[in-house]
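J.: What would the 3D arrangement of this be:
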Amino acid sequence: MMAVGLGMRDPWPADEPRFALIAQDMLRSGDWLIPRVGGDLYADKPPFFFWLLATAMALTGSMRVGFLLPRCWPGLVRRCWYTTCCDARAGGRWRCRVRSCCC
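T.: Below is the predicted model of the structure:
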């Protein structure tokens, strides 16, 4: 449910297209250390955000999916963690799977 519609839309203005292009420029230039816009330093956001975007774009090969995928990762990690931890405490996999889908 978390990733429904992933890749179905383009980045929307005002900031999203700029962020996507910065990550795309990181991929093209190979300069992963310093985010740049048109060759100028972009210091408004930490580079970690752009590293996530660029990594997702490289893995998926799509700007549409790669741009939105990092927003799903925290929720997916939480679900996997909850399912794993819950399994030991809940006393059964079936109950744990149901709880991780509902909570």
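J.: for this structure, which spans come out with low pLDDT?
T.: For the chain, the stretches with pLDDT under 70 are 1-14, 82-103.
J.: Strands along that one, start to end?
T.: 36-37, 40-41 (DSSP state E).
J.: right, so of those strands, which gets closest to residue 61?
T.: strand 36-37 (22.2 Å; CB to CB). Yep, even glycine has a C-beta here, placed from its N, CA and C like the rest.
J.: what packs against the closest one?
T.: helix 16-29 (3 or more CB pairs under 8 Å, 6 or more residues apart in numbering; DSSP states H and E).
J.: tell me which residues of the helix it packs on are tucked away?
T.: 19-20, 22-27 (16 or more other CB atoms under 10 Å).
J.: Would you check which pair of those residues lies furthest apart?
T.: 19 and 27 (13.2 Å).
J.: show me what contacts the closest residue to residue 66 other than its chain neighbours?
T.: Leaving aside its sequence neighbours, residue 66 sits nearest to residue 57 (CB to CB, 6 or more residues apart in numbering; 3.2 Å). Shown in contact with residue 57 (CB atoms under 8 Å, 6 or more residues apart in numbering): 23-24, 27, 63, 66-67.
J.: Now tabulate those in TSV and tack on distance to residue 49.
T.: Converted to TSV, these look like this (distance: CB to CB, whole Å):
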residue	distance to residue 49
23	9
24	14
27	15
63	16
66	13
67	11
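J.: Looking at these, which is nearest residue 50?
T.: Among the contacts of residue 57, and counting by CB to CB, the member closest to residue 50 is residue 23, at 5.0 Å.
J.: ok, back up a step: and the strands of the chain, which is most packed in?
T.: Among the strands of the chain, strand 36-37 has the highest mean neighbour count (mean count of other CB atoms under 10 Å), at a mean of 14.
J.: partner strands of that one, parallel or antiparallel?
T.: strand 40-41 (antiparallel) (DSSP bridges).
J.: ok, and what's touching the partner strand?
T.: Outside strand 40-41, the residues touching it (CB under 8 Å, 6+ apart) are 34-35.
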